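> Okay, here's the prediction I keep looking at, along with the sequence it came from:
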Amino acid sequence: MAENSPPQLIQSYGDGGFRIAGDPRRGSVIVFADRTVAWSAETFDDINEVSLAPVFATKSTVDLLLIGSGIQMRMVPAGLRAALREAGIAVEAMDTGAACRTFNVLLAEGRRVAAALIAIG
């Protein structure tokens, strides 16, 4: 984790955004242990290698990517799963709420995790 950076615990989600480390965030986000970035994906179909470029760029510090797919779980397409695996990143998809809770647990365990979360209403 970067110095002076609070852990990016996800405190709440819904109403089109998140509260992460005390800061409100509108829209979808990618959460790393030390920072949160805005994410252009609005639906599951928007998830691809281009939209996940921030994750691929940090492959040496992320072992697992959780994808919060919205209100229901969706399967990660085989091509994207293979590209992530080639970059050394495992991926698990689940609904956004489950991804938020799982991210917090894994972060507290010191795991090298990131979460790409689609905002839900």
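Good, I have the coordinates. In this text, all values refer to a predicted model and were calculated from it rather than measured experimentally. Numbering: from 1, shown residues only.
> Quick one: name whatever helix or strand follows the longest helix along the chain.
In the chain, taking DSSP state H as the definition, the longest helix is helix 96-108. As assigned by DSSP states H and E, the chain's next helix or strand after helix 96-108 is strand 113-117.
> Off-centre distance for that following strand?
2 Å (Cα atoms, centre = their mean, to the nearest Å).
> Helix 96-108 and that one, what's the angle between them?
160 degrees (axes from the mean of the first three to the mean of the last three Cα atoms, to 10 degrees).
> Average pLDDT for strand 113-117, rounded please.
For strand 113-117, mean pLDDT rounds to 98.
> which strands and helices sit next to that strand?
For strand 113-117, the helices and strands in contact under the criterion 3 or more Cβ pairs under 8 Å, 6 or more residues apart in numbering; DSSP states H and E are strand 10-14, strand 29-31, strand 64-68, helix 96-108. All C-beta atoms are positioned from the backbone trio N, CA, C, and that covers glycine.
> Can you check what angle separates that strand from strand 10-14?
20 degrees.
> could you give the angle of strand 113-117 to strand 64-68?
20 degrees.
> what lines up beside strand 113-117 in the sheet?
According to DSSP bridges, strand 113-117 forms sheet pairs with strand 29-31 (antiparallel), strand 64-68 (parallel).
> The longest one: how far from the chain's middle?
Meaning strand 64-68. That offset, for strand 64-68, works out to 5 Å (Cα atoms, centre = their mean).
> model confidence over the longest helix of the chain, on average?
Mean predicted confidence for helix 96-108 is 98.
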